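Asks: A predicted structure for the sequence below; I have some questions about it.
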Amino acid sequence: MISFAQALLYIVILEVVVFTWLSTDKSLKDKLEAKGISISPLMLMVDVGRVPRLKKITSSPITKTLFFSAGLINFVALLALFYWQVLPSLYHIFYTLIYGVGEATSPFVPVIPGVTIGLDAFPYILITLALGVAVHEFFHALAAYSVGWRVDAWGIGILLIFPLAYVKPNEDDYNRADLKAKATVLTAGVLANTLLFLLAVPLLPAIASQISTAPTIVGIMSNSPQLPAVKAGIHAPSVIISVNETQVKTISEFIHILQPYRNATVLIKLKLVPAKIVNGQVLYNASNAVTYTIVKPSGSMIGIYLQDLPVYGTNPLAIEGVRFTYWLEIINISLGLINAAPLYISDGGRLISELLKGKPGYLNHLIQGGTLIAIAILATVGFLNFT
């Protein structure tokens, strides 16, 4: 029986083959486009209809002012945050490569199901991504109406296995508009993602407070017999009760205790309880605790995979709520940052292009191309560090 990861790969391959065939058949492609269906080798887009105008809201001067002011402030803040992350990281990477001092790190890790994220998280990513993209595009449409533009259509689609949504502001209205109107519309989508992120920020701890978790060893790196956990015969799953007689309740506490000994040879006492994982929840009896004494060499890993798991008996709806809200937060701040960045396919890229109209063309390509290269470098380093 094939795994979920294999099934996803087969779906992507089949999709690319079918979309490539459809997009190269000019007669069929023209017929589909006449019905509002656009196909490329990697993407399918389907026009659904017109976005509701919501005249009472979009015709108000207050709405137009809010979209412009809030959108621009938020856009600048996210752009500053983006480069605050990117520039020091790039400097550190090149410094490490040139002088061989330290370790190259990156704040970005690409999302690859089954590699950089667990497959169990993938459905939440798809759902929150679809929601984030849909609200992003809806705000573009409302902002377009607020500045007097027409919106020809809105639609949904798929990029490989990722959902997408889009709106089509009238091209003539866009081309005739001044810079202020264009900025109002282009920054509105990023504002939507920030608002969803800010909604998720207080919700996540509120929901999480209803869940009791336990720091759990969910796996052992058994392929490396020299690692301390393998030598000590530690079993998974096991719940961590204490480290060196200091009680721990979360993985972050566990890491905090051991962080000072990362580059030192140290004796570690782990008090563990054998456990079972039932429907994603950990079941254990603290009275069955066993103490393991291990020796961790300098620079060595312990050899365990950790996860904060909900204790058995937790309300499943609370668990689902935490997972959904967590990814709602992560996905929307990511969408906001990427769309604020000056890239050829982003809202930030279009805004930079408008700002630099009449300026030497190389400036636009220098900013957008340089940013794209920077992201590619950071994503590669992040992936290599992760693996």
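Replies: Alright, I've got the coordinates. The shown structure was predicted, so the numbers you read here are calculated from the model rather than taken from an experiment. Residues are numbered from 1 along each chain as shown.

Asks: all contacts plus neighbour counts: C-alpha atoms, from now on.
Replies: OK.

Asks: got any ranges where the chain has weak pLDDT?
Replies: Scanning the chain for pLDDT under 70 picks out the ranges 1-9, 42, 112-116, 386-387.

Asks: ok, longest strand in this protein?
Replies: The residue-count maximum for a strand in the chain (DSSP state E) belongs to strand 266-278.

Asks: partners of it in the sheet?
Replies: Next to strand 266-278 in the sheet, as set by DSSP bridges, lie strand 238-243 (antiparallel), strand 281-284 (antiparallel), strand 290-296 (antiparallel).

Asks: For residue 121, which of those strands is the nearest?
Replies: Between residue 121 and the strands paired with strand 266-278, the tightest spacing by CA to CA is seen for strand 281-284, at 15.3 Å.

Asks: Can you pull out the residues in contact with that closest one?
Replies: The set of residues that contact strand 281-284 without belonging to it, under CA atoms under 8 Å, 6 or more residues apart in numbering, is 214, 216, 239, 273-277, 309-314.

Asks: What about the chain, which residue is the most distant from its middle?
Replies: In terms of distance from the mean C-alpha position of the chain, residue 287 ranks first, at 39.8 Å (CA atoms, centre = their mean).

Asks: mind checking how far that one is from residue 275?
Replies: If you measure residue 287 against residue 275 using CA to CA, to the nearest Å, the figure is 12 Å.

Asks: Any chance of TSV for the strands paired with strand 266-278, columns distance to residue 125?
Replies: Compiled in TSV, the strands paired with strand 266-278 are given as follows (distance: least, CA to CA, whole Å):
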stretch	distance to residue 125
strand 238-243	28
strand 281-284	21
strand 290-296	36
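
Asks: Just name the most buried of these.
Replies: For the strands paired with strand 266-278, the stretch with the most neighbours on average is strand 238-243, a mean of 24; neighbours defined as mean count of other CA atoms under 10 Å.

Asks: For the next helix or strand after that strand, which strands pair with it and how are they oriented?
Replies: If you walk from strand 238-243 toward the C-terminus, the next helix or strand you reach (DSSP states H and E) is strand 246-247. Strand 246-247 has the following sheet partners, assigned by DSSP bridges: strand 238-243 (antiparallel).

Asks: Look at residue 202 and say how many residues are nearby.
Replies: Other residues within reach of residue 202 by the criterion other CA atoms under 10 Å amount to 12.

Asks: OK, contacts around it?
Replies: When contacts are counted by CA under 8 Å, 6+ apart, residue 202 is found next to no other residue.

Asks: Mind telling me what element it is part of?
Replies: Element membership of residue 202 [criterion: DSSP H and E] is helix 179-208.

Asks: buried ones in that helix?
Replies: Judged by neighbour count (16 or more other CA atoms under 10 Å), helix 179-208 contains these buried residues: 181-197, 200-201, 203-204, 207-208.

Asks: Helices along this protein, start to end?
Replies: Taking DSSP state H as the test, the helices found in the chain are 4-24, 26-34, 55-58, 61-99, 122-146, 171-176, 179-208, 228-232, 251-258, 316-340, 347-355, 361-386.

Asks: okay if I get those helices as a markdown table plus distance to residue 158?
Replies: Converted to a markdown table, the helices of the chain look like this (distance: least, CA to CA, whole Å):
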| stretch | distance to residue 158 |
| --- | --- |
| helix 4-24 | 10 |
| helix 26-34 | 16 |
| helix 55-58 | 29 |
| helix 61-99 | 26 |
| helix 122-146 | 10 |
| helix 171-176 | 23 |
| helix 179-208 | 19 |
| helix 228-232 | 44 |
| helix 251-258 | 37 |
| helix 316-340 | 16 |
| helix 347-355 | 19 |
| helix 361-386 | 23 |
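
Asks: Between these, which one is closest to residue 43.
Replies: It's helix 4-24; of the helices of the chain, that one is closest to residue 43 (CA to CA) at 7.3 Å.

Asks: just how off-centre is the closest one within its chain?
Replies: Offset of helix 4-24 from its chain centre (CA atoms, centre = their mean, to the nearest Å): 23 Å.

Asks: and what of stretch 361-371?
Replies: Shown here is stretch 361-371, whose average C-alpha point lies 25 Å from the average C-alpha point of the whole chain (CA atoms, centre = their mean).

Asks: Check stretch 36-52 too.
Replies: Between the centre of stretch 36-52 and the centre of its host chain there is 24 Å, according to CA atoms, centre = their mean.

Asks: Not counting its own residues, what contacts that stretch?
Replies: 15-23, 29, 32, 138, 141, 151-160.

Asks: go with 6 Å
Replies: Counting contacts by CA atoms under 6 Å, 6 or more residues apart in numbering, the residues outside stretch 36-52 that touch it are 16, 19-20, 23, 153-160.

Asks: can you redo these as a markdown table with neighbour count and distance to residue 292?
Replies: Listed next are the contacts of stretch 36-52 as a markdown table, based on neighbours: other CA atoms under 10 Å; distance: CA to CA, whole Å:
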| residue | neighbour count | distance to residue 292 |
| --- | --- | --- |
| 16 | 18 | 51 |
| 19 | 18 | 56 |
| 20 | 16 | 57 |
| 23 | 20 | 61 |
| 153 | 18 | 64 |
| 154 | 22 | 60 |
| 155 | 20 | 58 |
| 156 | 18 | 55 |
| 157 | 21 | 53 |
| 158 | 16 | 50 |
| 159 | 16 | 49 |
| 160 | 17 | 47 |
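
Asks: what's the farthest-apart pair in those residues?
Replies: Of all pairs drawn from the contacts of stretch 36-52, the one with the largest separation by CA to CA is 16 and 153; the distance is 25.6 Å.

Asks: Now do the helix holding residue 202 against helix 122-146, angle only.
Replies: Helix 179-208 runs at 150 degrees relative to helix 122-146, counting by axes from the mean of the first three to the mean of the last three CA atoms, to 10 degrees.

Asks: Next, the contact list for residue 295, please.
Replies: Each residue near residue 295 by CA under 6 Å, 6+ apart is listed here: 266-267.

Asks: Name the residues that touch stretch 322-330?
Replies: 124, 128, 197, 200, 204, 208.
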